[in-house]
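Asks: dropping a prediction and its sequence here:
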Amino acid sequence: MKVFVVLFLLLLLLQFSTLHVLSCSPTTKFHSKSIDYIKKSCAATIYRRLCYRSLSIYASKIDANPKLLVRTALNVTLKATKSTSRLMKKLSRIHGLKPRVAAAMADCLEEMADSVFEIRNSLAEIDHIIRDDPDFALAISDIQTWVSAALTDEDTCMDGFEGKAMNGYVKTRVRRHIIKVAHYTSNALALINRFASTQENPS
């Protein structure tokens, strides 16, 4: 019986030691560092909870790297924009839409296509940015311009669905999705601005 108790205690001690080693492993510390970096970066955005929730799942990929953070934020924004654009195409095919609703949908689809184009341009440009490059300021300015334009396109789309004459179902679904896309875009722009300021004024 005593031998069994001793073996049981040794097994518990071994399990505790293993858990302690895992909790202090470089991988765990690395992940924690990346998470903390994302949380700190998202503090510069308006929609902090959305920022953290959408980017923290890519913590290991971002690796506390400001350029990778911006690229990931733009990728998340692009996916949301394309998904919303596809949804709007389906809604635009609903039979019996009022002329004003159909016109608003057509305009919105065009705005979203422009938004996708601008975010894609931003992603392409961010890949070519190199720290301490003499053209950094120009490149980041182009990205800021494109993402700002995408945000304006999304706001314009929402404006088109103002008024009581709009189909309630279509209006509600479009606005809900466009607002979320606009929040993603706003967060991406804030992270781009933060990236620009840290590069221009490195600590």
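Replies: Done, it's in. Numbers count the residues shown, from 1 in each chain.

Asks: what about Arg100, neighbour count?
Replies: Residues lying near Arg100 (other CB atoms under 10 Å) number 14. In this view, the C-beta of every residue, glycine as well, is placed from N, C-alpha and C.

Asks: state the number of residues packed around the closest residue to Ile140 other than its chain neighbours.
Replies: In space, and not counting its chain neighbours, Ile140 is closest to Ala196: 4.6 Å by CB to CB, 6 or more residues apart in numbering. Neighbour count of Ala196, defined by other CB under 10 Å: 20.

Asks: check which helix or strand Ala196 maps to.
Replies: Using DSSP states H and E, Ala196 falls within helix 168-200.

Asks: and that helix, average pLDDT?
Replies: Per-region confidence: helix 168-200 scores 89 on mean pLDDT.

Asks: pull the distance from it to the chain's centre.
Replies: Computed by CA atoms, centre = their mean, to the nearest Å, the chain-centroid distance of helix 168-200 equals 8 Å.

Asks: just to revisit the earlier point, the residue nearest to Ile140 is in contact with Gln144, isn't it?
Replies: Yes: between Ala196 and Gln144 there is a contact under CB atoms under 8 Å: 7.1 Å.

Asks: helices or strands up against the helix or strand harbouring Trp146?
Replies: In this structure, Trp146 sits in helix 136-159 according to DSSP H and E. With contacts taken as 3 or more CB pairs under 8 Å, 6 or more residues apart in numbering; DSSP states H and E, helix 136-159 sits against helix 66-92, helix 99-126, helix 168-200.

Asks: could you give the angle of that helix to helix 99-126?
Replies: Relative orientation of helix 136-159 and helix 99-126, computed by axes from the mean of the first three to the mean of the last three CA atoms, to 10 degrees: 170 degrees.

Asks: output helix 136-159 as CSV, restricted to C-alpha atoms.
Replies: In CSV, the C-alpha atoms belonging to helix 136-159 read as follows (Å, rounded to 0.1, in the frame of the first residue of the first chain):
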residue,chain,number,x,y,z
PHE,A,136,8.5,55.0,-47.2
ALA,A,137,6.5,58.2,-46.6
LEU,A,138,5.2,58.2,-50.2
ALA,A,139,4.2,54.6,-50.0
ILE,A,140,2.4,54.9,-46.7
SER,A,141,0.7,58.0,-47.9
ASP,A,142,-0.7,56.0,-50.9
ILE,A,143,-2.0,53.3,-48.6
GLN,A,144,-3.6,55.8,-46.3
THR,A,145,-5.3,57.5,-49.3
TRP,A,146,-6.6,54.2,-50.6
VAL,A,147,-8.0,52.9,-47.3
SER,A,148,-9.5,56.3,-46.5
ALA,A,149,-11.2,56.2,-50.0
ALA,A,150,-12.5,52.7,-49.2
LEU,A,151,-14.0,54.0,-45.9
THR,A,152,-15.7,56.8,-47.8
ASP,A,153,-17.1,54.4,-50.3
GLU,A,154,-18.6,52.3,-47.5
ASP,A,155,-20.1,55.4,-45.9
THR,A,156,-21.6,56.5,-49.2
CYS,A,157,-23.2,53.1,-49.6
MET,A,158,-24.9,53.4,-46.2
ASP,A,159,-26.1,56.9,-47.0
